[in-house]
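S.K.: I'd like to go over a predicted model; first the sequence, then the structure.
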There are 2 protein chains.
Amino acid sequence: MATTNSAGRPRLADRRRPGETAQEEILDAAAELFTTYGFASTSTRKIAEAVGVRQATLYHYFATKDDILETLLGTSVAPTLEAAQQIRTASASPAAQLHAMVTYDGTQLWTGRWNIGALYLLPELRTERFRPFVRMRETLRSTYRDVARDVLDLLAAAGKENLPDADEDIPLRFVETLVNLRWDDAGHDDEPQRTADAVIRALGWGGDWEALHAESTALLRSLRGNNARA
Amino acid sequence: MATTNSAGRPRLADRRRPGETAQEEILDAAAELFTTYGFASTSTRKIAEAVGVRQATLYHYFATKDDILETLLGTSVAPTLEAAQQIRTASASPAAQLHAMVTYDGTQLWTGRWNIGALYLLPELRTERFRPFVRMRETLRSTYRDVARDVLDLLAAAGKENLPDADEDIPLRFVETLVNLRWDDAGHDDEPQRTADAVIRALGWGGDWEALHAESTALLRSLRGNNARA
C-alpha cells in the first residue's frame, strides 16, 4: 500500500523524521516501531507507511527487515566501540578511562531518539544472521573488562582492599541498565555521569572525585568527532 | 491440532515439563517459547503443542495469551516482593537488609528455569492490560529505594562521604542486569551474591564484609518459605 508524503497523512512521530535521506528516515521509523510495538509485530509495510514511501523504495535500501534491525543495532554500538578504543589508548588513568567510556556509552543509550538498547534481548539476535552485531558488542565488553581489570590491579597494588571480588563485567552490565531506566521513564538528566560514578565506586575505587571528573571530561572533549555531551 | 502426550512426539525441552498440573506445564512451555522465540511470534497453538494438550485444554486455564504472560510475570515478581517486604521488617541493619533483598531477587532471576526477566522490556507491557504487573514491580522498586535511602542516611550520619550522589535506584537496576548476563551466557555461579556486594559497594558502603555477609545469610535463612539459596 504505497502512500505519498502528503499533508494530513497520519504520522507516528510528531515532527518530520530526522535524516537527510530516505534511508535515514526509514531507520528512524523502524526504530520507533520496533521499540514501540515490537520487532516481530512490525512489518516492512508498516515501516514504509510510517515514512510515507512506497515499499519498493524501502526494499531499494534494505532487502529484509533483518537488514534494518542489523543497521540500527550497528549504529547504536559502533560509535561507542570506536570511542572506547580511542579512550583506551589515551594517556589517562584507568579510572578516568573507564569513567569516560561509561559516560560516552551511557549518553548514547540515554539520549538517542529511540531506546534501541531495548532490542538487545530480542530472541532473533541469537541467530547466525546477527553474529556480527553480537561480536561487536563482545568486543565492547572486552574493552570494558580490560580497563576494569587495570583499575582493580591499581587498587590492589595500592593496598586498597577490594574484597569481595569486584567483577570486571560491572561496567557493561551497569551502563546497559540505562535502557531499562528509560523504559521505566525513571532517572535524572545527568544519569550517564551518575552511572559512571556508580560503576567506579562499585569497583571499590575511592579517590579524589573532583580530579577524576576533570580527567574524564577532558578525555571526552579530546575525542575526535565526539558526539557525547561530556 | 490436538496432540496426545505419546512417546516420540517431539518435545521442546529435553525432560518432562516440571509442574503437577496441566496449568503449570502450560506456563513452563510458554516461558520457554516466549524467551526463545519471542512473545509475538508464539501462538497459543504452539504452546498447546509444546505441552501436548489440546488447545481447548489450554483455553480452559487461560483465556488469552496475555493471561499466560501476566501469570508468568506475576510468578517472577510476587515471591520477590513478598520476601523483600518480610526482609524490610526484620531486625537487621539496612545494609544487610539490602544485601539479602538483592541476593534473594538475584537468585530468582539467576536460577529460574527460564529467563523470564527478558520479557520485562516487551512493548506489550505498556498496555493497560499489564498495569497490575507494572504496579507490582514499582512497589518492589519503592521497597529497594527505601532501604537504599536508609543505607545512605546511615553513611551520611557516620560522616562517611558518599559523594557523588549515590542513586537509590542502583539496587533494582543492578539486580536486573542478571537478566542480561544470563542472556549473554556470562557470569559466575555465585553471581547473585556478587551482585549484592556490588550494589552495597556502589552505594558507598565500606564496613566489615564478613559481618555483613553473615547478617544477610541469617536474614535469608529466617524467611518463611524461602526459596533462595542463601
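M.R.: Looks like it came in fine.
S.K.: Please make it C-alpha for all contacts and neighbour counts, starting now.
M.R.: OK.
S.K.: What pLDDT is listed against the single nearest residue of chain A relative to chain B?
M.R.: Proximity of chain A to chain B (CA to the nearest CA) peaks at residue A:202, 4.0 Å away. With respect to pLDDT, residue A:202 scores 89.
S.K.: I figured it hits residue B:195, correct?
M.R.: No: using CA atoms under 8 Å, residue A:202 is not in contact with residue B:195; the gap is 9.9 Å.
S.K.: picking that back up, residue A:173 versus the residue of chain A closest to chain B, what's the distance?
M.R.: Note on residue A:202: its distance to residue A:173, by CA to CA, to the nearest Å, is 12 Å.
S.K.: wait, what's in contact with residue A:114?
M.R.: Contacts for residue A:114 (CA atoms under 8 Å, 6 or more residues apart in numbering or on different chains) come out as A:31-32, A:35.
S.K.: any chance of those residues in CSV, plus neighbour count and distance to residue B:136?
M.R.: Formatted as CSV, those follow (neighbours: other CA atoms under 10 Å in any protein chain shown; distance: CA to CA, whole Å):
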residue, neighbour count, distance to residue B:136
A:31, 23, 29
A:32, 20, 27
A:35, 20, 23
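S.K.: Near chain B, list only the ones from those residues.
M.R.: residue A:35 (CA under 8 Å from any CA of the partner chain).
S.K.: In strands, which of the contacts of residue A:114 appear?
M.R.: Using DSSP state E, no member of the contacts of residue A:114 sits in strands.
S.K.: Now the element after the helix or strand that contains residue A:47, going C-ward?
M.R.: Here residue A:47, judged by DSSP states H and E, is contained in helix A:44-51. Per DSSP H and E, the first helix or strand lying C-terminal to helix A:44-51 is helix A:55-61.
S.K.: Go through that following helix and flag the buried ones.
M.R.: Residues A:55, A:58 are the ones in helix A:55-61 that count as buried (16 or more other CA atoms under 10 Å in any protein chain shown).
S.K.: immediately after that helix, which helix or strand?
M.R.: Next element after helix A:55-61 (DSSP H and E): helix A:65-88.
S.K.: What lies in contact with that next one?
M.R.: Outside helix A:65-88, the residues that reach it (CA under 8 Å, 6+ apart) are A:27, A:30-31, A:43-44, A:62, A:97, A:100-101, A:104-105, A:108-109, A:116-117, A:130, A:133, A:136-137, A:139-140, A:143, A:147, A:219-220, A:223, A:226.
S.K.: avg pLDDT for it?
M.R.: Averaged over helix A:65-88, pLDDT sits at 96.
S.K.: One more: stretch A:211-228?
M.R.: What stretch A:211-228 shows for mean pLDDT is 83.
S.K.: Is it positioned near chain B?
M.R.: No: residues of stretch A:211-228 are not located near chain B by CA under 8 Å from any CA, the shortest gap being 10.3 Å.
S.K.: so what's the residue most central in space within chain A up against?
M.R.: Nearest to the geometric centre of chain A sits residue A:109, at 4.1 Å (CA atoms, centre = their mean). Counting by CA under 8 Å, 6+ apart, residue A:109 touches A:76, A:115-117, A:176, A:178-179.
S.K.: any idea whether residue A:189 is helix, strand or coil?
M.R.: At residue A:189 the chain is in coil, as set by DSSP: H, G, I helix; E, B strand; the rest coil.
S.K.: orientation of the host helix or strand of the residue nearest to the centre of chain A relative to helix A:65-88 in degrees?
M.R.: Assessed by DSSP H and E, residue A:109 sits inside helix A:94-111. Angle of helix A:94-111 versus helix A:65-88, following axes from the mean of the first three to the mean of the last three CA atoms, to 10 degrees, is 150 degrees.
S.K.: Could you list the buried residues of helix A:94-111?
M.R.: Quick answer for helix A:94-111 (16+ other CA under 10 Å): A:94-110.
S.K.: tally of neighbours for residue A:217?
M.R.: When counting by other CA atoms under 10 Å in any protein chain shown, one arrives at 18 neighbours for residue A:217.
S.K.: For it, give its distance to residue A:197.
M.R.: To residue A:197, residue A:217 is 13 Å away according to CA to CA.
S.K.: and if you look at residue A:210?
M.R.: Per CA to CA, residue A:210 is found 11 Å from residue A:197.
S.K.: Between the two, tell me which one has more neighbours.
M.R.: Higher neighbour count among residue A:210 and residue A:197: residue A:197, with 25 against 11, using other CA under 10 Å.
S.K.: My read is that the more buried one contacts residue A:99, right?
M.R.: Yes: here residue A:197 reaches residue A:99: they are 7.0 Å apart, a contact under CA under 8 Å.
S.K.: ok, the nearest residue to residue A:173 once chain neighbours are set aside to residue A:168 distance?
M.R.: Closest residue in space to residue A:173, ignoring its immediate chain neighbours: residue B:177 at 5.8 Å, by CA to CA, 6 or more residues apart in numbering or on different chains. For residue B:177, the distance to residue A:168 equals 14 Å [CA to CA].
S.K.: More neighbours: the two, which one.
M.R.: Relative neighbour count places residue B:177 above the other of residue B:177 and residue A:168, with 24 against 20, counting by other CA under 10 Å.
S.K.: just checking, the more buried one touches residue A:178?
M.R.: No: look at residue B:177 against residue A:178 with CA under 8 Å: they stay out of range, at 10.6 Å.
S.K.: check whether the helix holding residue A:47 contacts chain B.
M.R.: No: judged by CA under 8 Å from any CA, helix A:44-51 stays clear of chain B, getting no closer than 16.0 Å.
S.K.: which strands and helices sit next to the helix ranked longest in chain A?
M.R.: Of all the segments of type helix in chain A, defined by DSSP state H, the longest one is helix A:131-157. In terms of contacts (3 or more CA pairs under 8 Å, 6 or more residues apart in numbering or on different chains; DSSP states H and E), helix A:131-157 is packed against helix A:65-88, helix A:94-111, helix A:170-175.
S.K.: which stretch among the ones you listed comes nearest residue A:51?
M.R.: When the helices and strands packed on helix A:131-157 are compared by CA to CA, helix A:65-88 sits nearest residue A:51, at 13.8 Å.
S.K.: Report the buried residues of the closest one.
M.R.: Buried residues in helix A:65-88 (16+ other CA under 10 Å): A:65, A:68-70, A:72-74, A:76-77, A:79-81, A:83-88.
S.K.: How far away from the center of its chain is it?
M.R.: Distance of helix A:65-88 from the chain centroid (CA atoms, centre = their mean, to the nearest Å) equals 8 Å.
S.K.: Alpha carbons of that helix, as PDB, please.
M.R.: Extracted as PDB, the C-alpha positions of helix A:65-88 are listed here (Å, rounded to 0.1, in the frame of the first residue of the first chain):
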ATOM      1  CA  LYS A  65      13.500  -6.400   7.900                       C
ATOM      2  CA  ASP A  66      16.500  -8.100   9.500                       C
ATOM      3  CA  ASP A  67      18.800  -5.800   7.500                       C
ATOM      4  CA  ILE A  68      17.100  -2.800   9.000                       C
ATOM      5  CA  LEU A  69      17.500  -4.200  12.500                       C
ATOM      6  CA  GLU A  70      21.100  -5.000  11.900                       C
ATOM      7  CA  THR A  71      21.800  -1.500  10.700                       C
ATOM      8  CA  LEU A  72      20.000   0.000  13.700                       C
ATOM      9  CA  LEU A  73      21.900  -2.100  16.200                       C
ATOM     10  CA  GLY A  74      25.200  -1.300  14.400                       C
ATOM     11  CA  THR A  75      24.600   2.400  14.600                       C
ATOM     12  CA  SER A  76      23.900   2.000  18.400                       C
ATOM     13  CA  VAL A  77      27.100   0.100  19.200                       C
ATOM     14  CA  ALA A  78      29.700   1.000  16.500                       C
ATOM     15  CA  PRO A  79      30.300   4.700  17.600                       C
ATOM     16  CA  THR A  80      30.600   3.600  21.200                       C
ATOM     17  CA  LEU A  81      33.100   0.900  20.400                       C
ATOM     18  CA  GLU A  82      35.200   3.300  18.400                       C
ATOM     19  CA  ALA A  83      35.100   5.900  21.200                       C
ATOM     20  CA  ALA A  84      36.000   3.200  23.800                       C
ATOM     21  CA  GLN A  85      39.000   2.100  21.800                       C
ATOM     22  CA  GLN A  86      40.200   5.700  21.400                       C
ATOM     23  CA  ILE A  87      39.800   6.300  25.100                       C
ATOM     24  CA  ARG A  88      41.700   3.100  25.800                       C
END
